[in-house]
Each structure stands twice: as C-alpha cells, then as structure tokens.
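Visitor: Predicted model and sequence follow; I will ask about them next.
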Amino acid sequence: MSFEQCSISGDATVDSPRDLATTYKIVEIFHSVQGEGAHAGIPHVFVRFGKCNLQCEWCDTDFETFTEMTAIDILADVLQYSCKRIIFTGGEPMLNDLWPLHRLFKARGYTLSCESNGTILIPDGLLDWICISPKDQLYPNVRIKQREGDELKCVYVGQDLSIYDELMNGFSHCFLQPCYMEAESVEWNGKNFAMTETVVKENPEWRLSLQTHKWMGVD
C-alpha cells in the first residue's frame, strides 16, 4: 500500500497500515437520515455489512450481495460526506472485527453506532451508541448475549412482551416497531401499525418507533 493511497482517506500518519488493509464485506455505504428509534431525524452515514447469522422474514436487505472493501476504501467513501455520525448496520455488523474501523474513524472525530441483533457480545469501548434489535419472536432458542446498551428496538409481530422484561433493564430507550413488509399491501401494513400503536398505549414503558425513511422513499 503506497503513501499516495493512504493520503486519499486523510492524514495517513495516524493510521496503521494493517488497519487500512483490513477487508470487509460491504453491501452499501450511504448518507441519509436515521428514520427510526431514538435518533430519528438525525443525519448519519450508514455502513451496511454483508452476511447475517439470522434470516428474518421481514428483512429488507440482501446481505448475500456485497463487495469486498478495504478499510481505506470505506474511509474514503465515508469522508466524502460532511457528517460525523456513522451507523454500522447489516446484515449483522458484529460478525466483523470492527476495531480497525473504530481506530480509523475515532482518530477523525466520528461518533460510532451500531444496529445489531444482540447474538454476539459487543466489546466494551468499541461503540458510542448500541442499538439491539432482538429476534426472539422468530428465534426463541437464540440467546441474546448483548444485554446492555442504549436502545432496545423490537419488531412487533404479536409476541408476548413479557419476554423482554429482564432485557429492558439494560437499556435506556425501549422501542416497539411495527413489522413492515414491502411485499404486502398498504392495508396489511396499516393493520400492523394500528395493532402496534394499541399495544404501546397499553404498555407505556415502550415507545413507538416508525420507519419514517420508508414513508419518505429514501434509504
């Protein structure tokens, strides 16, 4: 790797060549507004990783279609946007060693968040904001290992919310989100929205989260 390559992505003197050369499976990198949860309405750069250890029926990501990218290329893509907030999402981002990206981005003043299914323990100090979206409703035998974080966001498909009673204690914000299926009709999704809204009214320890970016027609 040449110095010229390193300089594309910022001050090369602070970077480890090994970190810059680390490869990741990337579905897409894009700049958008967070559409759901506690940071709804705040611009972020989304780094979407390929591969996942679960296969949720409502997932709208083709996480088997990805490009192998080095960290230096990821860095160069992200630096084109005037935004210092990054969300690592997927797929399942915690299938990857994110420490090289952590070092590269923190050296440049970025705030790092993740959206994870919680089945993989997240190392202390790796991230500034942890959002866990457990899939107990589809995988009751899959153990949630990450039991602390900033945001718990559960997709509601009619499950008994008592399965989250213990897990909720480890999070500052707890959201219930309607299951949205792009292949279904407006009426079908509208029924799910109304059902979730009713459940939240009956369980005020939860807040309603809506995927507003999908209403806006953006990523």
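Guide: Noted; the coordinates are in hand. Numbers count the residues shown, from 1 in each chain.

Visitor: What mean pLDDT does stretch 86-93 get?
Guide: The average of the pLDDT scores along stretch 86-93 is 95.

Visitor: how about the strands in this protein?
Guide: 23-33, 43-49, 67-70, 85-89, 111-116, 129-132, 149-156, 171-178, 207-208 (DSSP state E).

Visitor: Once you drop chain neighbours, what's closest to the residue nearest to the spatial centre of the chain?
Guide: Geometric centre of the chain, nearest residue: Glu115, 2.4 Å, by CA atoms, centre = their mean. The spatially closest residue to Glu115, leaving aside those adjacent along the chain, is Thr89, at 4.4 Å (CB to CB, 6 or more residues apart in numbering). All C-beta spots, glycine's among them, are computed from the backbone N, C-alpha and C.

Visitor: I figured Ile74 hits Ile26, correct?
Guide: Yes: under the criterion of CB atoms under 8 Å, Ile74 makes contact with Ile26 at 6.7 Å.

Visitor: of those two, who's got more company?
Guide: Ile74 (23 against 20; other CB atoms under 10 Å).

Visitor: ok, the more buried one - contacts?
Guide: By CB atoms under 8 Å, 6 or more residues apart in numbering, the residues touching Ile74 are Tyr24, Ile26, Ile29, Val47, Leu101.

Visitor: and if we set it to 10 Å?
Guide: 9, 20, 22-24, 26, 29, 47, 86, 100-101, 104-105 (CB atoms under 10 Å, 6 or more residues apart in numbering).

Visitor: so what's the residue nearest to Glu115 bridging to?
Guide: Applying DSSP bridges to Thr89 gives these bridge partners: Arg48.

Visitor: thought it was touching Gly37?
Guide: No: between Thr89 and Gly37 no contact is recorded; they are 11.6 Å apart, counting by CB atoms under 10 Å.

Visitor: Count the neighbours of the residue nearest to Glu115 for me.
Guide: With other CB under 10 Å as criterion, Thr89 counts 21.

Visitor: now swap in the one 4 residues further on and tell me
Guide: As a burial measure, the neighbour count of Pro93 was computed by other CB under 10 Å and equals 25.

Visitor: Isn't it up against Thr119?
Guide: No: using CB under 10 Å, Pro93 is not in contact with Thr119; the gap is 11.9 Å.

Visitor: Show me the common contact partners of these two, please.
Guide: Cys52.

Visitor: The nearest residue to Gly170 once chain neighbours are set aside - how many residues pack around it?
Guide: Excluding the flanking residues, the one nearest Gly170 by CB to CB, 6+ apart is Glu148, at 3.9 Å. Residues contacting Glu148 under the criterion other CB under 10 Å number 14.

Visitor: Check the spacing between Glu148 and Thr198 real quick.
Guide: As defined by CB to CB, to the nearest Å, Glu148 lies at a distance of 29 Å from Thr198.
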